[in-house]
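Asker: Next input, structure requested:
(chains A and B)
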Amino acid sequence: MAMATVKLSSPATNLLAGGRTRRSAPASRATVIRAAAGSYSDELVSTAKSVASPGRGILAIDESNATCGKRLSSIGLDNTEPNRQAYRQLLLTTAGLGEYISGAILFEETLYQSTTDGKKFVDCLKDQNIMPGIKVDKGLVPLPGSNNESWCQGLDGLASRCAEYYKQGARFAKWRTVVSIPCGPSALAVKEAAWGLARYAAIAQDNGLVPIVEPEILLDGDHGIERTLEVAEKVWSEVFFYLAQNNVLFEGILLKPSMVTPGAEHKEKASPEAIAKYTLTMLRRRVPPAVPGIMFLSGGQSEVEATLNLNAMNQSANPWHVSFSYARALQNSVLKTWQGRPENVEAAQKALLVRAKANSQAQLGRYTGEGESDEAKKGMFQKGYTY
Amino acid sequence: MVAASLLKSSFLPKKSEWGATRQAAAAPRPATVSVVVRASAYADELVKTAKTIASPGRGILAMDESNATCGKRLASIGLENTEANRQAYRTLLVTAPGLGQYISGAILFEETLYQSAVDGRKIVDILVEQGIVPGIKVDKGLVPLAGSNNESWCQGLDGLASREAAYYQQGARFAKWRTVVSIPNGPSELAVKEAAWGLARYAAISQDNGLVPIVEPEILLDGEHGIERTFEVAQKVWAETFYAMAENNVMFEGILLKPSMVTPGAEAKDRATPEQVAEYTLKLLHRRIPPAVPGIMFLSGGQSEVEATQNLNAMNQGANPWHVSFSYARALQNTCLKTWGGQPEKVKAAQDALLLRAKANSLAQLGKYTSDGEAAEAKEGMFVKNYSY
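Answerer: Below is the predicted model of the structure:
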């Protein structure tokens, strides 16, 4: 039903200045422009739909080695490859995970890793009907000419990287850039973020990967929720404009926005209902219904907050699948339960299922929050947090 | 459901929200200060008006022909272009009994907004009594666009704010601005950007003065291009238009759109079925229209009365995230005009013809139209090459 490519054979848009009095054909014939999705269109649409399926969301486990190291050291483990493998194995071999999780974002190392029994992680995922995804950006660096803001690198060699990842079994990609409200944000930072995302999205689609489009508006700051809404509207307007200019196929992308909340240091906290209202207002103003799924990041919210907020957004029907792509908000309790001990693996996996199921319920608007532990309610915001 | 009051309080002027707190020692203050942006004081009313026009089973009667164009209509039935004749014709239209069941808004030309009907009642009052929101054409027409490929741009921003404030006082609650894009002429990047920017500026000014802006970038039917070329151009035009409107802080919950349907050019060798027109058009809407926009009221642009109804019906065979309806001029008026012929004894029959078309389009908006019993007249195309309003 989705239209694949739009075939274009048409006069150019390049035109002459005045001087001609009669209507004339434009000076040059157009080159036929392929929509970025090209030959992968159908698969992109079907992958995106599968990830955006009812009652399911994304498990983000694409922490870089350095960041994964922080997680491991928080439970007293060294940052070694076997430890990272053990941790990811715990997560990815959880039986029944596929009932609540539709996609898992991996770091490059993990995409090529196997379980200790020698089964490829990508195969573990596929067996559970979980789409493997891959982080493809090369991280944040300072943006010259800005107000101490960042930009996200990664376009160089991206096409061949994506092609390789596709061969290895990845079917979606992720690129995370950030916008900082305390630093402005400057028009430059916003445009760079949007343009980088749009270029990445086009390249990803050209190589068979559904791009997750993630401009994270950082929680840092003491601004109120209305300021966040204003910035979010600006950011998403720029993003969609550039996605269109880059001929990205909207039916084959997913979004990963931050929810619209007050800054972490703002004097008033917002209720889940307020967050839902502001966030849905933003989505309705900026996201065309062709986009199949909107998978929110948790960005420092507690496990329970992240679930409550998602639930509030799903109290009535939306024109797109509204779901989750959580890292810390799915993993925190798991990690603490595991403590690096083999005898705790089963309990840790149960903890993962508890959170995955809670968010699944929230996606359906049916989460009740009974029986949540105190641990799950602890905020995870860290000022100046870097991935 | 999202409270409009939310929007009103969001943008009241506040103390500067940043710059006041100390950031990390090394961070310098940015060079520019962000300005808290006000949404219109009319926000609630705009949202309500837009919703009313975009109500199920209803659409817009476009009767905003300039005096010159109205003259062409009158001439086609042998009448002179006098104010009295224009008054008689417009009276006929707005007094059709029960029109408000199918028509939620009527776009007027300036003369008509200030006119009374033949019996002395104000035309705006008649409309309001019928449950029809009065609207007003506010643009000042198309003129050549310098530096383009013989393309046009739409004038009207000068004095627009005061013009609209006066129209609001006279009873208008929505406005309309029609610009055009020509595929045989490119369209050039310049023409598209100018069209989008003009629409966005007009929309912001309208909202500031209490009028819901109808946003109309008409992609002309002229040309021999296929439906995919129209689709490509429409995607570009709407991307630019929404971007420009966002930059101008237009409130999307308080606008209406008036697009052309996505069809092949009038001289293309392959025609398209209503199902194809619906498929391409809905795909365009899904890719470009955020759900905050309450209503999409299609123009008919030279299609026959029945084509315009069938195409609309095909677009409403499933639920849409926005009200998908009509804002038709010729496709509602054609048979009515011919039936009247300028004769007082034919007024009732002409009004019946209008109601017939209005009801057909109402059913099409609900996806329930069937073309049994349509007259041959109603099936005649009304495309005029190089048609100018």
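Asker: Contact partners for the nearest residue in space to B:A200 that is not next to it in sequence?
Answerer: Sequence neighbours aside, B:A244 is the residue nearest to B:A200 in space, at 3.6 Å (criterion: C-beta to C-beta, 6 or more residues apart in numbering or on different chains). Where you see a C-beta, it was placed from the backbone N, CA and C, and this is true even at glycine. Contacts for B:A244 (C-beta atoms under 8 Å, 6 or more residues apart in numbering or on different chains) come out as B:A196, B:W197, B:L199, B:A200.
Asker: B:E275: neighbour count?
Answerer: Applying other C-beta atoms under 10 Å in any protein chain shown, we find 13 residues neighbouring B:E275.
Asker: can you check B:K385 too?
Answerer: 10.
Asker: likewise A:S74?
Answerer: Applying other C-beta under 10 Å, we find 11 residues neighbouring A:S74.
Asker: measure B:P187 to B:I296 for me?
Answerer: 21 Å (C-beta to C-beta, to the nearest Å).
Asker: Put together JSON lines for the contacts of B:A244, with pLDDT on each row.
Answerer: Shown next, in JSON lines, are these (pLDDT from 0 to 100):
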{"residue": "B:A196", "pLDDT": "98"}
{"residue": "B:W197", "pLDDT": "97"}
{"residue": "B:L199", "pLDDT": "98"}
{"residue": "B:A200", "pLDDT": "97"}
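Asker: By neighbours, which of those wins?
Answerer: In terms of neighbour count, B:L199 stands highest of the contacts of B:A244 at 29 neighbours, by other C-beta under 10 Å.
Asker: is it true that that one touches B:V181?
Answerer: No - counting by C-beta atoms under 8 Å, B:L199 stays clear of B:V181, with 11.0 Å between them.
Asker: how many neighbours does B:Q351 have?
Answerer: With other C-beta under 10 Å as criterion, B:Q351 counts 21.
Asker: by contact count, what packs against the helix or strand harbouring A:L330?
Answerer: Secondary structure from DSSP states H and E places A:L330 in helix A:328-338. When contacts are defined as 3 or more C-beta pairs under 8 Å, 6 or more residues apart in numbering or on different chains; DSSP states H and E, helix A:328-338 sits against strand A:57-61, helix A:81-92, helix A:303-313, helix A:345-363, helix A:374-377.
Asker: now the first one: mean pLDDT?
Answerer: By that I understand strand A:57-61. What strand A:57-61 shows for mean pLDDT is 98.
Asker: quick one: strands adjacent to it?
Answerer: Using DSSP bridges, the strands paired with strand A:57-61 in its sheet are strand A:101-106 (parallel), strand A:321-326 (parallel).
Asker: now, of those, which is deepest in the fold?
Answerer: strand A:101-106 (a mean of 29; mean count of other C-beta atoms under 10 Å in any protein chain shown).
Asker: What are the contacting residues of the helix or strand that that strand is followed by?
Answerer: Counting by DSSP H and E, the next helix or strand C-terminal to strand A:101-106 is helix A:108-111. Where contact means C-beta under 8 Å, 6+ apart, the residues beyond helix A:108-111 that reach it are A:61-62, A:65, A:81, A:84, A:88, A:121-122, A:132, A:134-135, A:165, A:168-170.
Asker: Tell me which stretches of the stretch 101-250 of chain B form strands.
Answerer: Listed in chain order, the strands of the stretch 101-250 of chain B (DSSP state E, counting those that start in this stretch) span B:103-108, B:133-137, B:142-144, B:152-154, B:174-181, B:212-219.
Asker: nearest to chain A, of those strands?
Answerer: Evaluated with C-beta to the nearest C-beta, those place strand B:142-144 nearest to chain A, the distance being 8.4 Å.
Asker: Could you list the buried residues of the closest one?
Answerer: B:L142 (16 or more other C-beta atoms under 10 Å in any protein chain shown).
Asker: again with stretch A:46-60
Answerer: Buried residues in stretch A:46-60, counting neighbours by 16+ other C-beta under 10 Å, are found at A:47-53, A:55-60.
Asker: just stretch A:146-155 next, same as before
Answerer: Neighbour-count burial for stretch A:146-155, counted by 16+ other C-beta under 10 Å, picks out A:S146, A:N147, A:N148, A:E149, A:S150, A:W151, A:C152, A:G154, A:L155.
Asker: Span of it from start to end?
Answerer: One end of stretch A:146-155 sits 20 Å from the other (C-alpha to C-alpha, to the nearest Å).
Asker: related to what we said a few turns ago, now, of the helices and strands packed on helix A:328-338, which is deepest in the fold?
Answerer: Most buried among these, counting by mean count of other C-beta under 10 Å: strand A:57-61, with a mean of 28.
Asker: Just the C-alpha atoms of that one, please, in CSV.
Answerer: Taking Å, rounded to 0.1, in the frame of the first residue of the first chain, the C-alpha atoms of strand A:57-61 are listed here in CSV:
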residue,chain,number,x,y,z
GLY,A,57,9.2,-0.8,21.9
ILE,A,58,13.0,-0.6,21.6
LEU,A,59,15.7,-1.8,24.1
ALA,A,60,18.6,0.6,23.6
ILE,A,61,21.9,-1.2,24.5
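Asker: ok, and what's touching that strand?
Answerer: For strand A:57-61, using C-beta under 8 Å, 6+ apart, the contacting residues are A:51, A:88, A:91-92, A:97, A:100-107, A:110, A:130, A:133, A:174, A:212, A:295, A:297, A:323-327, A:330-331, A:356, A:359-360, A:363.
Asker: Starting from A:L352, give me the distance back to the residue nearest to B:A200.
Answerer: When distance is defined by C-beta to C-beta, B:A244 is 46 Å away from A:L352.
Asker: So for the spatially most central residue of chain A, what's the nearest residue that isn't a sequence neighbour?
Answerer: Chain A has A:K256 as the residue nearest its centroid, 3.6 Å off, counting by C-alpha atoms, centre = their mean. Nearest non-adjacent residue to A:K256, counting by C-beta to C-beta, 6+ apart: A:E214, 3.8 Å away.
Asker: Let me know the secondary structure of B:A96.
Answerer: Assigned by DSSP: H, G, I helix; E, B strand; the rest coil, the conformation of B:A96 is coil.
Asker: ok, it to B:N311 distance?
Answerer: Relative to B:N311, and taking C-beta to C-beta, B:A96 is found at 24 Å.
Asker: more neighbours, these two?
Answerer: Comparing B:A96 with B:N311 by other C-beta under 10 Å, the one with more neighbours is B:N311, at 26 against 22.
Asker: does the helix or strand the more buried one falls within come close to chain A?
Answerer: Taking DSSP H and E as the definition, B:N311 sits inside helix B:305-315. No - Helix B:305-315 lies out of reach of chain A by C-beta under 8 Å from any C-beta of the partner chain, never closer than 14.1 Å.
Asker: what packs against that helix?
Answerer: Looks like helix B:305-315 contacts helix B:274-288, strand B:295-298, strand B:323-328, helix B:330-340, helix B:347-365, helix B:376-379 (3+ C-beta pairs under 8 Å, 6+ apart).
Asker: Same list, the ones you listed, but as a markdown table with mean pLDDT and distance to B:L221 please.
Answerer: Listed next are the helices and strands packed on helix B:305-315 as a markdown table, based on pLDDT from 0 to 100; distance: least, C-beta to C-beta, whole Å:
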| stretch | mean pLDDT | distance to B:L221 |
| --- | --- | --- |
| helix B:274-288 | 98 | 12 |
| strand B:295-298 | 98 | 13 |
| strand B:323-328 | 98 | 14 |
| helix B:330-340 | 97 | 12 |
| helix B:347-365 | 98 | 19 |
| helix B:376-379 | 74 | 17 |
